[in-house]
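Visitor: model the structure of this input:
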Amino acid sequence: MPIDRHAFEGAALPPAPARHRVAAAPASQRSGPHVLFLMGDKTSGCGVDDFSRRAMEVLSSSADMRCRGLVLGPGKGSAGEILKALAGARSLVCNLPLIAWKKTLFKPLLALALAKLKGVRTIVMLHEWGGLHRLRRAVYRPMLLLADRILMFSPHVRAELEADPIVGRLARKAMLVPL
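Guide: All right, here's what the predicted structure looks like:
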């Protein structure tokens, strides 16, 4: 399942065929802007968190892409840690729904707000919407408002977001991306 690295840069171009890809320099030798992924603390298995880690791994294998993860969880991901992680970032990526969302209620929102203040592009990858509990959707709505781009993998999820009476208009920021 290829991940379209251009979706993280705002373009909707398909990835280059394998024969045209340039070998990536080791992460230690790369410099310049990077993409920062918000991650769960991996205390329990979560498909969305596994997706985040795999996306970060695949994008890091690109010759011109550098990715880092910031773990958010109880005792992890303070405002200072978020600011430090955002230094030099080009984009901040937050996958929703989050695992253990009640334990990290405001940290992803804080990370998105700080990224906006620092001029870092904010991307929310929305894996589901209508099936989420209404309180969970209430917590995620401000995160969607802070997103410059919302990436989705299903037209069904996009339709669910469009039908939301509060933030349905945000579906115009959504981009469907193939897996």
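
Visitor: where does pLDDT dip in this structure?
Guide: For the chain, residues meeting the criterion pLDDT under 70 lie at 1-33, 41-53, 56, 58-60, 62-64, 98-103, 179.

Visitor: what's the single longest strand in it?
Guide: When every strand of the chain is counted residue by residue (DSSP state E), the longest turns out to be strand 89-96.

Visitor: which SSE is immediately downstream of that one?
Guide: Downstream of strand 89-96, the next assigned helix or strand under DSSP states H and E is helix 107-117.

Visitor: how about that next one as PDB, C-alpha atoms only?
Guide: Coordinates of the C-alpha atoms in helix 107-117 are reproduced here as PDB (Å, rounded to 0.1, in the frame of the first residue of the first chain):
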ATOM      1  CA  LYS A 107      -2.200  17.600  24.000                       C
ATOM      2  CA  PRO A 108      -3.000  17.000  20.300                       C
ATOM      3  CA  LEU A 109      -5.100  20.200  20.300                       C
ATOM      4  CA  LEU A 110      -2.200  22.100  21.900                       C
ATOM      5  CA  ALA A 111       0.300  20.600  19.400                       C
ATOM      6  CA  LEU A 112      -1.900  21.700  16.500                       C
ATOM      7  CA  ALA A 113      -2.400  25.200  18.000                       C
ATOM      8  CA  LEU A 114       1.300  25.700  18.600                       C
ATOM      9  CA  ALA A 115       2.100  24.500  15.100                       C
ATOM     10  CA  LYS A 116      -0.400  27.100  13.600                       C
ATOM     11  CA  LEU A 117       1.300  29.800  15.700                       C
END
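
Visitor: buried sites along that helix?
Guide: For helix 107-117, the neighbour count (16 or more other CB atoms under 10 Å) marks 107-116 as buried. Every residue, glycine included, has its C-beta placed from N, CA and C.
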